[in-house]
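Visitor: I need the structure of the sequence given here:
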Amino acid sequence: MSFWQYLKDRWLIIIGWLLFVVLTIFLMWLTPSLYVDWSIIGYLALLEGFLLLIFLGGYYLARRHWWRRLQMTEEAEDVLQEFFDDGQNNEEILVENYINHLLVEHQQTMQDLVEKQQDQKDYIDSWVHEIKVPLAAAGLILRSIEDDISDEKYLLLEDEIAQIDEYVEQVLYYARLDTFSKDYLIQEYSLKEIVQPVVRSQVNHFIQKNLKLEILGEDYQVLTDAKWLSYIFRQLLSNAIKYTPVNGEVQILMENTPDGIQLSVKDNGIGIPSEDVKRIFDKGFTGENGRRSEQHSTGLGLYLAYNLAEKLNVKLSVQSTVGQGTTMTLAFPKLRYYQEER
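Guide: Numbers count the residues shown, from 1 in each chain. The predicted structure is shown next:
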């Protein structure tokens, strides 16, 4: 707090001082035996003003350290961790006790929230692993009765089980998004070794919609985490299948560009409206396409894919034209080795 700001806050004291000076002059004027000399009155006002300035200045100097401490704490990044314990008078101690009490209450509340959030994550992790057992059992039972039901019903049930499993995986990855740093292993992987198992898991969807699939480009090595990248790629491929009409085409391209390796999923589907393109990675955003009842969009798939890609230092971008299709691209940073010629 500057001295000028301090004086502005003490305007009542200054007004009181002016009233006191005026009252003194008035009493001197009312006294018949006292000759009023305006020079004396001027000296008296000057002396009283000097004493007032000394009083206000001394008070300002005495409290300046405490105010500066408040200002420094306000600008600090860990402001909610700073307690006050250097009050010099009853007023400062009262303010410090109030602030410290608020800090303790805040820390306790945050600790309770963190514990509840951790309990919730632990429960979700446990639930996901437990629900996978009956899902796997349902898949085995479905295969055991494959000859007893029609192919159409078999494929329909298989798709529904796969959809449930995908949503369960989405819940797990969403719960682990904040704790990503504890569950990843960065290594050098072959792109095709990551892409091919995901493609195989979506074969039934390609067959049912009679989609043409092309995998173009050579295999490349990228520095990433295979599990998380597989999930990201599955989301992109699933969206391409979902929004591509029957007899459409999906292409998977692997390219080596000057900026690094790129993995793209391109379709000739319905495309994304231009007003939705900038928001498709927002949490819960479904857009015009996702609001169609037959698509059952949750608005979480691309949100998770984008955030997980960012944590892997992979850039996820989109290009789309309504009625022509969409291209989702994962751009990996270029690998450079020690003493490699640039």
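Visitor: element containing Gly299?
Guide: Assigned by DSSP states H and E, Gly299 falls within no helix or strand.
Visitor: tell me where the model's unsure across the stretch 51-200 of the chain.
Guide: 62, 66-67, 69-89, 179-183 (pLDDT under 70).
Visitor: quick one: the strands in the stretch 51-200 of the chain, in order.
Guide: Using DSSP state E, counting those that start in this stretch, the strands assigned to the stretch 51-200 of the chain run over residues 187-190.
Visitor: how about the secondary structure of Gln319?
Guide: strand (DSSP: H, G, I helix; E, B strand; the rest coil).
Visitor: what's the burial count for it?
Guide: 14 (other C-beta atoms under 10 Å). In this view, the C-beta of every residue, glycine as well, is placed from N, C-alpha and C.
Visitor: which pLDDT value belongs to it?
Guide: What the model reports as pLDDT for Gln319 is 93.
Visitor: which residue ranges of the stretch 151-300 of the chain form helices?
Guide: 151-175, 191-201, 203-208, 226-242, 274-277, 287-290 (DSSP state H, counting those that start in this stretch).
Visitor: show me what counts as buried in the first one.
Guide: For helix 151-175, the buried set under the neighbour-count rule, 16 or more other C-beta atoms under 10 Å, comprises 154, 157-158, 161-162, 165, 168-170, 172-175.
Visitor: any chance of the residues you listed in TSV, plus distance to Glu255?
Guide: Below are those laid out as TSV (distance: C-beta to C-beta, whole Å):
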residue	distance to Glu255
Tyr154	38
Leu157	38
Glu158	34
Ile161	35
Ala162	30
Asp165	31
Val168	33
Glu169	28
Gln170	28
Leu172	31
Tyr173	27
Tyr174	30
Ala175	34
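Visitor: of the residues you listed, closest to Ala137?
Guide: Nearest to Ala137 among these, counting by C-beta to C-beta, is Ile161 at 10.3 Å.
Visitor: can you give me the distance of the nearest residue to Gln262 once chain neighbours are set aside to Thr244?
Guide: Nearest residue to Gln262, sequence neighbours excluded (C-beta to C-beta, 6 or more residues apart in numbering): Glu255, at 4.7 Å. To Thr244, Glu255 is 21 Å away according to C-beta to C-beta, to the nearest Å.
Visitor: look at these two and report which has more neighbours.
Guide: Thr244 (22 against 15).
Visitor: that one touches Ser238, doesn't it?
Guide: No. If you go by C-beta atoms under 8 Å, Thr244 and Ser238 don't touch, sitting 10.9 Å apart.
Visitor: between those two, what contacts are shared?
Guide: When C-beta atoms under 8 Å, 6 or more residues apart in numbering defines a contact, no residue borders Thr244 and Ser238 alike.
Visitor: between the helices of the stretch 151-300 of the chain, which gets nearest to Asp219?
Guide: With C-beta to C-beta as the criterion, Asp219 lies closest to helix 191-201 of the helices of the stretch 151-300 of the chain, at 4.4 Å.
Visitor: mind giving me the packing neighbours of that closest one?
Guide: strand 212-216, helix 226-242, strand 249-257, strand 260-267 (3 or more C-beta pairs under 8 Å, 6 or more residues apart in numbering; DSSP states H and E).
Visitor: quick one: buried residues of the second one?
Guide: This means helix 226-242. Buried residues in helix 226-242, counting neighbours by 16+ other C-beta under 10 Å, are found at 226, 228-242.
Visitor: do stretch 26-46 as well
Guide: So stretch 26-46, judged by 16+ other C-beta under 10 Å, has buried residues Ala45.
Visitor: possible to save the helices of the stretch 151-300 of the chain as TSV with distance to Tyr43?
Guide: Below are the helices of the stretch 151-300 of the chain laid out as TSV (distance: least, C-beta to C-beta, whole Å):
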stretch	distance to Tyr43
helix 151-175	79
helix 191-201	91
helix 203-208	98
helix 226-242	83
helix 274-277	77
helix 287-290	80
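Visitor: among these, which is nearest Tyr60?
Guide: helix 151-175 (54.2 Å).
Visitor: off-centre distance for that closest one?
Guide: Helix 151-175 sits 28 Å away from the centroid of its parent chain (C-alpha atoms, centre = their mean, to the nearest Å).
Visitor: right, I'll leave it there.
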